[in-house]
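Q: A predicted structure for the sequence below; I have some questions about it.
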Amino acid sequence: MARSTCSARLLIRTALLLSICFLLNPADAGRRGFRKNKHDGGEERRAQEDDKEGARRVGRKERKRLEREKAVKFAQMKADGQDQISMTKEAAELRSYELRKKKKKGLFRRKEASLAQVLFPGASPEEYSEREPVPAFVEQVESKRTHLPFDFYDLPSCPEPAEKIQKRFRQRKNLGSRLMGYKLRMSPYNFPTKVDKGCTPLCVVEIGGKKLRWLRKLVDRQYRVHLTLDQLPLLMRSRELNYAVRGYPVGFKAPPTFTGLQEDEFYLYNHIKFTITYREEPNEFEGVRIIGFDAHPVSIDYRKEGEIKSLTQDTNLEAAGKADGFSGCQADSSPINDPESYLKLRSGSSGEPLNIGFSYEVHWQETDIAWADRWDVYLVGSPDDEIHYFAIVNSLMIVVFLTGAVATIMIRTLKKDIAGYNEMQTIEEAQEETGWKLVHGDVFRPPQSYPMLLCVLVGSGAQIGSAFFATLFASMLRMLNPIKKGQALTAVVVLYVFCGVIGGYVSARLYKFCDAKAWKRNTIATALAFPAVI
């Protein structure tokens, strides 16, 4: 009975094994087919990669051919006198070609990108609807000849807009901009979207005495007024000279050869012609995107055109609707620079103050240039790009010469000691420390006096250096946006606070090496030393 039971169990097990093998055969076949298909797929992928490599090789040859054709094309455009600073399609193509090396994004594999993506990562365009007011802000009045800036409203100018308007367009300032004293204030000009304006009277200002003499000094020192519209700095362009510069001058100085006088004559720009270029593409976005912001200053003496009423002084005539009496500036007129009507910065014959009438006009022009390419002209139009290369080479040469001089002095000083070490024959002689080797005993000996001062200075230096390199690293990773004023300084201050851990550790570690005991005093001194000095 037992034997029959075992035999039955064995037969059942054998049948189960055979059925399992039979069932597994199709799976094995399928698996073999899958492996075959996978192998065939791998061959197809390799074939596709080979085709791509061949296309890439052809693409490289094609790119080189296209680059040669572009070089010939743009060289011919330059020879034909095509400028690089106007808002035409040809000038934009020429600017893009000149800046092709700067329009690269990436650390190792540099890909083509727009200048806005390279300089201002994360910046997005702003769209404005028709007749929507676009705020313009005035910055400090600066000069390359002096390092003393002035506020725009310190000059004889029209009053600021009403507080209600300023609150509407007020921008928040970060910590860095506040520390730098950067104060963004609205300009007295009004720019409704796509609304052209003829000659618009703005205000009448009376100046004389010290104010007039100070204004003449500003003109002599070549101070320039800077405005921004939609984060675009104001530009002055010259197609004839192929030149673009930021801001417009306060005035200009005429030599005696021009005026026929015994001394230089100073003139003031009191009428500004603004030109705003924009792009409108209903299929891509709604509204208007601002592409360019230009100005052309004009000097005109409105006293020669008509009397200026004294009742309208220091008042925004456009906002108050009191443009009567400003007969020299009409909506259908456009003042021009005429030597016969220049506004001289001189008081009257009997010393009476000078009444100056300020005005402006606005023209909107449509263009096909993309918003991402609107920054190209600011780099192409700058005439001093190559100065940086000269400064870098000059610094490197100074470092090389100083390194050579120090090396020569060290070799001459240590020559006898090195010769003596080479002549040592026995181990006993080698163990005796002589000459410059004795210096290590002084270097690694804890200071006998003021060890805390040394630890505090080393810890503060480590903290400042760590904050500096962390800020530099953040800039390399495009975490800081240069278009936001004061953001870099804000990052330095915040990272300096966080790097206090590094400064405290370095100071405490060195203080322990000096076998000092007042560690609490050292901690407080390290935390307060550098901020207290500032």
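A: Thanks, I have the structure now.
Q: Can you list the low-confidence ranges for the protein?
A: 1-59, 103-122, 304-314, 320, 322-327, 348-351, 381-389, 420-444, 534 (pLDDT under 70).
Q: if you go through the stretch 401-534 of the chain in chain order, where are the helices?
A: 427-431, 439-443, 451-476, 487-498, 500-513, 519-533 (DSSP state H, counting those that start in this stretch).
Q: Could you work out which of those helices reaches nearest to I291?
A: Proximity to I291, assessed across these by CB to CB, is greatest for helix 487-498 (24.4 Å). C-beta here means a position set from N, CA and C on the backbone, and glycine is covered the same way.
Q: still on that earlier bit, same list (the helices of the stretch 401-534 of the chain) but as TSV, adding mean neighbour count and distance to S177.
A: Converted to TSV, the helices of the stretch 401-534 of the chain look like this (neighbours: other CB atoms under 10 Å; distance: least, CB to CB, whole Å):
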stretch	mean neighbour count	distance to S177
helix 427-431	9	63
helix 439-443	8	45
helix 451-476	18	16
helix 487-498	17	8
helix 500-513	18	24
helix 519-533	15	20
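Q: Adding distance to E361, write these out as CSV.
A: As requested, the helices of the stretch 401-534 of the chain are arranged in CSV below (distance: least, CB to CB, whole Å):
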stretch, distance to E361
helix 427-431, 88
helix 439-443, 72
helix 451-476, 41
helix 487-498, 35
helix 500-513, 55
helix 519-533, 51
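Q: Can you check which of these gets nearest to K415?
A: K415 lies closest to helix 439-443 among the helices of the stretch 401-534 of the chain, at 16.3 Å (CB to CB).
Q: quick one: S333 and T200 touch, right?
A: No: counting by CB atoms under 8 Å, S333 sits too far from T200 to count as a contact (10.6 Å).
Q: ok, back up a step: now for the helices of the stretch 401-534 of the chain, which one comes closest to Y269?
A: Closest approach to Y269 among the helices of the stretch 401-534 of the chain is made by helix 487-498 (32.9 Å; CB to CB).
Q: ok, T200 - how many residues close by?
A: 20 (other CB atoms under 10 Å).
Q: is it in a bridge, and if so with what?
A: Beta bridges link T200 to Y360, judged by DSSP bridges.
Q: wait, what's in contact with it?
A: E318, A323, C329, A331, S359, Y360, E361, V362 (CB atoms under 8 Å, 6 or more residues apart in numbering).
Q: What helix or strand is the last one located in?
A: Secondary structure here is read from DSSP states H and E; on that basis V362 sits in strand 354-366.
Q: other SSEs contacting that strand?
A: When contacts are defined as 3 or more CB pairs under 8 Å, 6 or more residues apart in numbering; DSSP states H and E, strand 354-366 sits against strand 197-207, strand 271-279, helix 302-305.
Q: so after the shortest one, what's the next helix or strand?
A: Translated: helix 302-305. Next helix or strand after helix 302-305 toward the C-terminus (DSSP H and E): helix 317-320.
Q: Turn the contacts of T200 into TSV, columns for neighbour count and distance to G260.
A: Converted to TSV, these look like this (neighbours: other CB atoms under 10 Å; distance: CB to CB, whole Å):
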residue	neighbour count	distance to G260
E318	19	38
A323	17	36
C329	26	29
A331	12	36
S359	26	29
Y360	25	31
E361	21	32
V362	18	36
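Q: Quick one: those as CSV, columns for distance to Q84 too.
A: CSV is the format used below for those (distance: CB to CB, whole Å):
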residue, distance to Q84
E318, 36
A323, 39
C329, 34
A331, 34
S359, 31
Y360, 27
E361, 26
V362, 25
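Q: farthest-separated two in the residues you listed?
A: Maximum distance among the contacts of T200 (CB to CB): 15.6 Å, for A323 and V362.
Q: Send over stretch 157-166 as PDB, restricted to the C-alpha atoms.
A: In PDB, the C-alpha atoms belonging to stretch 157-166 read as follows (Å, rounded to 0.1, in the frame of the first residue of the first chain):
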ATOM      1  CA  SER A 157      14.000 120.600 -13.700                       C
ATOM      2  CA  CYS A 158      10.300 120.200 -13.600                       C
ATOM      3  CA  PRO A 159       8.600 118.900 -10.500                       C
ATOM      4  CA  GLU A 160       7.900 115.200  -9.800                       C
ATOM      5  CA  PRO A 161       4.600 113.700 -10.600                       C
ATOM      6  CA  ALA A 162       1.800 113.700  -8.000                       C
ATOM      7  CA  GLU A 163       2.200 111.300  -5.000                       C
ATOM      8  CA  LYS A 164      -0.900 109.400  -6.200                       C
ATOM      9  CA  ILE A 165       0.900 108.500  -9.500                       C
ATOM     10  CA  GLN A 166       4.100 107.700  -7.800                       C
END
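Q: Report the buried residues of that stretch.
A: Within stretch 157-166, the residues scored as buried using 16 or more other CB atoms under 10 Å are S157, C158, E160, P161.
Q: you'd agree the first one is up against F358?
A: Yes: in this structure, S157 sits in contact with F358. The criterion is CB under 8 Å, and the distance is 7.1 Å.
Q: Quick check: neighbours shared by the two?
A: V205.
Q: rewinding a little: for the helices of the stretch 401-534 of the chain, which one sits closest to K210?
A: helix 487-498 (35.1 Å).
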